[in-house]
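K.L.:
predicted model and sequence below, questions to follow.
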Amino acid sequence: ISASVISTIYFRNQVVNYAETFIDFYMKQIETTVSNINYRMGMFVLGEDDSVPKLDSYIHEIKTTENMAFRNYYANKLRDVFRMYSMEYGNEYQFFAYFPGIDMLIGSNANDRLTLPQWEFYTSDICRRLENNSLIPNSGTSYWQLVEAENEMAYILKLYSMDEVYVGCFIRPSDLIWPLENAIEEGKCTVLLYDSHNKVVSGQEKPVQSIVVMERGFQTLPFKVEMFVSDYGLWQKTFFMHMTLALIGFAILCTILIVIYLLYRRVLRPVIHGLRREVYESEIKKQMMYMDYLKLQIEPHFYLNCL
């Protein structure tokens, strides 16, 4: 019982340490990615993105040319730039540029992360909100805003304005936390994303019972994450498998020791005692024979001395 209790406590501490390490690593990774996106978008707006030297010309040609063939050509060039950004930072981050003068939005939908209806919904919602001035561009380096759309299809948006062109990046709240939901393989892990008003943005309801509960907040995003672990899943199975193998090994070792003890007690010890007895009797016989030999030598001398 004591071994079981100690093993359970040790296993739980190992799971807690792993979960804390994983969530801290993931949060740090998100912070780094968001900071890099903020920097890249800032360089994009300022026209100082060294990775795409002709970026300003792409935007200028799209905005000013009347030739649809040229416009589509440069739109594809700009779309390739956004696709490169998504490949660098993650397919869940969707980059776009909106040209209100020609009512055109250019984006990549990297690796078809979103279905076509989803992509059309998000892009049309962004265009509609920009036309109604309900989205305010922010030139700050760390401001991301939550946009609550219809059918619970909210998204987190970073938006810039440059030369009558809106440039931005958005990500779905569910895509932001999905790696945490799969942190424990074959286990039950619930993750909730809260906004700055402690309103649930993404995630299921809190589980009734949880083994581990952790809460972390972002520094570059106005959100926080709460993670609930209610089942250890594959870890638990692996742990019990290791415990079972250890118990089987211990039982085999005990069985071997018992067999050796019984073999010594019932077989080896009688044999050893018999050998010792034979050796002892042999030594006694040798001594008796030596005494008889001495007697034979003494008797003639005794008779001669008497005469």
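P.N.:
Now that the structure is in, tell me what you want to look at. Numbers count the residues shown, from 1 in each chain.

K.L.:
can you pull out the strands in the stretch 1-150 of the chain?
P.N.:
With DSSP state E, counting those that start in this stretch, the ranges of strands along the stretch 1-150 of the chain come out as 94-99, 104-107, 145-147.

K.L.:
the first one - what's its average pLDDT?
P.N.:
When pLDDT is averaged along strand 94-99, the result is 90.

K.L.:
likewise for stretch 148-164?
P.N.:
83.

K.L.:
what's the end-to-end length of that stretch?
P.N.:
25 Å (CA to CA, to the nearest Å).

K.L.:
so which bits of that stretch are buried?
P.N.:
154, 155, 156, 157, 158, 159, 160, 161, 162 (16 or more other CB atoms under 10 Å). C-beta coordinates here come from the backbone N, C-alpha and C atoms, glycine included.

K.L.:
distance check, the last one against residue 131.
P.N.:
Going from residue 162 to residue 131 by CB to CB, to the nearest Å gives 18 Å.

K.L.:
and residue 298, what's its pLDDT?
P.N.:
67.

K.L.:
and for residue 234?
P.N.:
For residue 234, pLDDT reads 51.

K.L.:
what's the answer for the one 10 residues further on, then?
P.N.:
Residue 244 is assigned a predicted lDDT (pLDDT) of 75.

K.L.:
what distance do you get for it to residue 254?
P.N.:
For residue 244, the distance to residue 254 equals 16 Å [CB to CB].

K.L.:
got it, and residue 225?
P.N.:
Applying CB to CB, the value for residue 225 to residue 254 is 48 Å.

K.L.:
so which of these two has more stuff around it?
P.N.:
Set side by side, residue 225 and residue 254 show more neighbours around residue 225, with 23 against 10, by other CB atoms under 10 Å.

K.L.:
you'd agree that one is in a helix?
P.N.:
No - using DSSP: H, G, I helix; E, B strand; the rest coil, the assignment for residue 225 is strand, not a helix.

K.L.:
next, work out how far apart it and residue 57 are.
P.N.:
Applying CB to CB to residue 225 and residue 57 gives a distance of 41 Å.

K.L.:
do residue 205 as well
P.N.:
Taking CB to CB, one finds residue 205 at 51 Å from residue 57.

K.L.:
for the two, indicate the residue with more neighbours.
P.N.:
Using other CB under 10 Å as the criterion, residue 205 and residue 57 rank with residue 57 on top: 13 against 8.

K.L.:
how about the more buried one, what does it touch?
P.N.:
By CB atoms under 8 Å, 6 or more residues apart in numbering, the residues touching residue 57 are residue 74.

K.L.:
how far off centre is the longest helix along the chain?
P.N.:
Longest helix in the chain, counting residues (DSSP state H): helix 2-46. Averaged C-alpha coordinates place helix 2-46 at 8 Å from its chain's average position (CA atoms, centre = their mean, to the nearest Å).

K.L.:
closest to residue 250 among the buried residues of stretch 148-164?
P.N.:
Nearest to residue 250 among the buried residues of stretch 148-164, counting by CB to CB, is residue 156 at 53.3 Å.

K.L.:
about what we covered before: give me the angle between the longest helix of the chain and strand 94-99.
P.N.:
20 degrees (axes from the mean of the first three to the mean of the last three CA atoms, to 10 degrees).
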